[in-house]
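Visitor: Need coordinates for the following:
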Amino acid sequence: MTTRFPGRLAAITAALLATGLAASGCAREDAGTDNSATDGGIVHVACGATEDWCAATTKKFSETSGLKADFVRLSSGEALARIKAGKGNAEFDVWYGGPADGYSAASAESLLEPYVSPNAAAIPVKYKDATGAWTGVYVGALGFCSNQKVLAERGLSVPQSWADLHNPKLAKEIGIAHPSTSGTAYTALWTQVQLAGGDQGKGLDYMRKLHPNVLQYTKSGAAPAQMTARGEVAVGVIFSHDCVATIEAGFPDLKVTFPAEGSGYETGGVALVKGAKNPVSGKKFIDWALTTEAQEIGPTVKAYQFPTHPDAKVSDKVVKLDSIKLVEYDAVAAGEAKTALNKRFDAEVAQAPKS
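Guide: Here you go, the predicted structure:
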């Protein structure tokens with residue numbers, strides 16, 4: 001059989017193939033799997049570190065790379081919610097700072113794009129996800145930030161254990177954030193689960209007993225440091241570095257202690273957001289965030305977390321992790337439990353009446 005219009009058939013076939021390829025290309029871009037061709041040389045960062053640290057980090061990255069960078073300061077819960085809301089039309093390219101269990105929760109919902117940076121090889125295995133969903137940039141230990149003057153007025157000494165926080169004399173004298181919005185508070189909640197041998201019910205029991213002593217559940221994990229400094233509460237449950245920074249800000253009555261039973265800790269992460277509009281620049285930001293240069297910025301803005309890069313200089317104001325008792329903190333397990341456990345906390349603890 002012969003074809004009467006071989007030239008026309010070839011043209012139509014080529015056109016159909018081109019249309020199919022174009023449609024396929026559009027589908028790929030709409031799905032957010034490859035936006036490298038439209039990378040704008042800028043990085044939009046959802047930043048879970050302090051405002052000053054976020055500003056210093058994005059500024060230094062821009063100076064070092066020649067790329068633009070901006071950020072929105074968000075607590076861990078807020079960052080997760082914003083990234084989830086932007087699924088399919090990503091608002092951010094990179095998530096930087098905040099506990100890794102939030103990143104694990106995001107990864108479980110396919111909100112992050114795995115990326116194993118060549119610089120991740122220097123980061124210890126315990127501070128990074130094996131698939132590249134996130135890589136740790138700092139570590140911070142949970143502790144108690146106490147106003148010694150307020151405690152003395154109530155005839156109390158600084159707490160040395162989680163059990164001490166249940167003292168009836170501390171009624172409405174404890175400051176802690178809500179775990180749904182704060183990675184700090186979720187770290188405290190998951191710490192109780194770990195101390196209870198993994199029993200979430202028993203972990204919530206601890207929080208229920210603590211509830212009458214909590215003045216209010218704040219949105220930000222660092223907010224209780226300011227509450228304690230102003231004397232609104234006697235004790236704040238926060239990451240120790242936030243208390244150290246507040247002491248430096250001119251509040252010498254504050255004192256940091258760590259619970260004898262064991263303290264939880266965060267591995268602050270960095271990750272590429274799935275569907276990032278600037279993935280090439282985003283990966284460059286992640287590469288840089290894992291360098292010693294990037295990890296030595298914190299102390300310059302009174303952020304005293306422990307760097308994950310073994311060669312980064314460590315400030316003498318950073319707590320020595322081997323000097324305190326830490327719980328076994330599995331960020332993946334904590335991330336998998338996060339949504340359901342936070343709902344239980346809200347229903348069973350936060351909304352319960354105070355006796």
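Visitor: C-alpha from now on. contacts and neighbour counts both.
Guide: Noted.
Visitor: How many residues are close by the closest residue to residue 42 other than its chain neighbours?
Guide: Leaving aside its sequence neighbours, residue 42 sits nearest to residue 68 (Cα to Cα, 6 or more residues apart in numbering; 4.5 Å). With neighbours defined by other Cα atoms under 10 Å, the count for residue 68 comes to 16.
Visitor: Any figure for the gap between residue 159 and residue 351?
Guide: Counting by Cα to Cα, to the nearest Å, the gap from residue 159 to residue 351 is 26 Å.
Visitor: In contact with residue 217, which residues are there?
Guide: 175-178, 350 (Cα atoms under 8 Å, 6 or more residues apart in numbering).
Visitor: let's see 10 Å
Guide: 174-179, 181-182, 185, 211, 223-224, 350 (Cα atoms under 10 Å, 6 or more residues apart in numbering).
Visitor: just the strands in this protein please.
Guide: 42-47, 68-73, 94-99, 112-113, 135-147, 174-177, 214-218, 235-239, 254-257, 265-273, 306-307 (DSSP state E).
Visitor: and stretch 262-282, how far from the chain's centre?
Guide: From the chain centre to the centre of stretch 262-282 is a distance of 8 Å (Cα atoms, centre = their mean, to the nearest Å).
Visitor: what's the straight distance from one end of that stretch to the other?
Guide: Using Cα to Cα, first and last residues of stretch 262-282 are 36 Å apart.
Visitor: my guess is the residue nearest to residue 42 contacts residue 62, does it?
Guide: Yes: counting by Cα atoms under 10 Å, residue 68 touches residue 62, with 5.4 Å between them.
Visitor: tell me, what's touching the two both at once?
Guide: By Cα under 10 Å, 6+ apart, the residues touching both residue 68 and residue 62 are 42-43.
Visitor: So which of residue 159 and residue 351 has more stuff around it?
Guide: residue 159 (21 against 10).
Visitor: quick one: contacts for that one?
Guide: Residue 159 neighbours (Cα under 10 Å, 6+ apart): 143-146, 151, 165, 167, 235, 256-260.
Visitor: Can you say which of those residues are buried?
Guide: 143-146, 151, 165, 235, 256-259 (16 or more other Cα atoms under 10 Å).
Visitor: what's the distance between residue 296 and residue 205?
Guide: If you go by Cα to Cα, the gap between residue 296 and residue 205 works out to 40 Å.
Visitor: Can you pick out the residue with more neighbours from those two?
Guide: Taking other Cα under 10 Å, residue 296 and residue 205 do not tie; residue 296 has more neighbours (21 against 18).
Visitor: My guess is residue 293 contacts residue 287. True?
Guide: No: Residue 293 is beyond contact range of residue 287, at 11.3 Å (criterion: Cα under 10 Å).
Visitor: ok so, going back, please produce CSV containing the strands of the chain, extended by mean pLDDT and distance to residue 314.
Guide: As requested, these are arranged in CSV below (pLDDT from 0 to 100; distance: least, Cα to Cα, whole Å):
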stretch, mean pLDDT, distance to residue 314
strand 42-47, 98, 22
strand 68-73, 98, 25
strand 94-99, 97, 18
strand 112-113, 98, 30
strand 135-147, 98, 11
strand 174-177, 98, 28
strand 214-218, 97, 30
strand 235-239, 97, 17
strand 254-257, 98, 19
strand 265-273, 97, 16
strand 306-307, 98, 7
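Visitor: any chance of the ones you listed in JSON lines, with distance to residue 246 too?
Guide: Formatted as JSON lines, those follow (distance: least, Cα to Cα, whole Å):
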{"stretch": "strand 42-47", "distance to residue 246": "20"}
{"stretch": "strand 68-73", "distance to residue 246": "19"}
{"stretch": "strand 94-99", "distance to residue 246": "19"}
{"stretch": "strand 112-113", "distance to residue 246": "33"}
{"stretch": "strand 135-147", "distance to residue 246": "10"}
{"stretch": "strand 174-177", "distance to residue 246": "15"}
{"stretch": "strand 214-218", "distance to residue 246": "17"}
{"stretch": "strand 235-239", "distance to residue 246": "12"}
{"stretch": "strand 254-257", "distance to residue 246": "8"}
{"stretch": "strand 265-273", "distance to residue 246": "19"}
{"stretch": "strand 306-307", "distance to residue 246": "17"}
